[in-house]
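Participant: got a structure for you, letters missing:
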């Protein structure tokens, strides 16, 4: 037993050091960095969710806590995130599209609000404010009115 005790202590010390090293490595993982979403985007996202009839966001949407909200956190040396995608399809949303809120999310590349119960029209202002938009799906809703002509000016848009 006397020979086993020093080996056990050594083993536990190595295990403790390995655990500390693991925690230190985890804190440098890019997804764990303290990247933040600008306040105007966070407010716009909350406003958008409210008018769409969805839930308010209780924490940062870029912490991977919210399915359907995609962020790119590589801005300013990985310290700033921007919302780049919204996939809120099939969420039983029953409100309207908040043009001002959506237009504030200028880094959006993909929007999928399909298969909900949204009503109202497709806001024209959205399209001029989202030059990086590549994907837009508003199908299977109760939207009315004409399709905004400004959609034609979105040169990056590949799917509608």
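Facilitator: Thanks, I have it. Note that the coordinates shown come from a computational prediction; the quantities given were computed from them, not determined experimentally.
Participant: What ranges does this structure have for its strands?
Facilitator: 69-75, 80-87, 110-112, 119-121, 135-137, 142-144 (DSSP state E).
Participant: relative to strand 69-75, how tilted is the longest one?
Facilitator: This points to strand 80-87. Orientation check (axes from the mean of the first three to the mean of the last three CA atoms, to 10 degrees): strand 80-87 against strand 69-75 gives 160 degrees.
Participant: can you list contacts of strand 80-87?
Facilitator: Strand 80-87 is contacted from outside by 35-38, 41, 45, 60-62, 68-73, 75, 105, 107-113, 132, using CB atoms under 8 Å, 6 or more residues apart in numbering. Any C-beta I mention is one placed from the backbone N, CA and C, and that applies to glycine too.
Participant: Pull out the buried members of those.
Facilitator: 35, 37, 41, 45, 60-62, 69-71, 73, 105, 107-113 (16 or more other CB atoms under 10 Å).
Participant: any low-confidence regions in the chain?
Facilitator: Counting by pLDDT under 70, the chain has low-confidence residues at 1-33, 58, 64-65, 125-127.
Participant: Could you list the domains of it?
Facilitator: Split into domains by automatic domain parsing, the chain comes to 1-32, 35-153.
Participant: Deepest in the core, which of those is it.
Facilitator: domain 35-153 (a mean of 17; mean count of other CB atoms under 10 Å).
Participant: so how far is that domain from its chain's centroid?
Facilitator: 9 Å (CA atoms, centre = their mean, to the nearest Å).
Participant: Quick check: end-to-end length of it?
Facilitator: Terminal residues of domain 35-153 lie 33 Å apart, using CA to CA, to the nearest Å.
Participant: rewinding a little: compare the strands of the chain and give me the one nearest residue 150.
Facilitator: Evaluated over the strands of the chain, closeness to residue 150 peaks at strand 135-137, with 11.9 Å, by CB to CB.
Participant: now for that closest one, which elements pack on it?
Facilitator: Secondary-structure packing of strand 135-137 (3 or more CB pairs under 8 Å, 6 or more residues apart in numbering; DSSP states H and E): strand 110-112.
Participant: Can you list the helices and strands that the strand it packs on packs against?
Facilitator: So strand 110-112, by 3+ CB pairs under 8 Å, 6+ apart, packs with strand 80-87, strand 135-137.
Participant: Perfect, that will be all.
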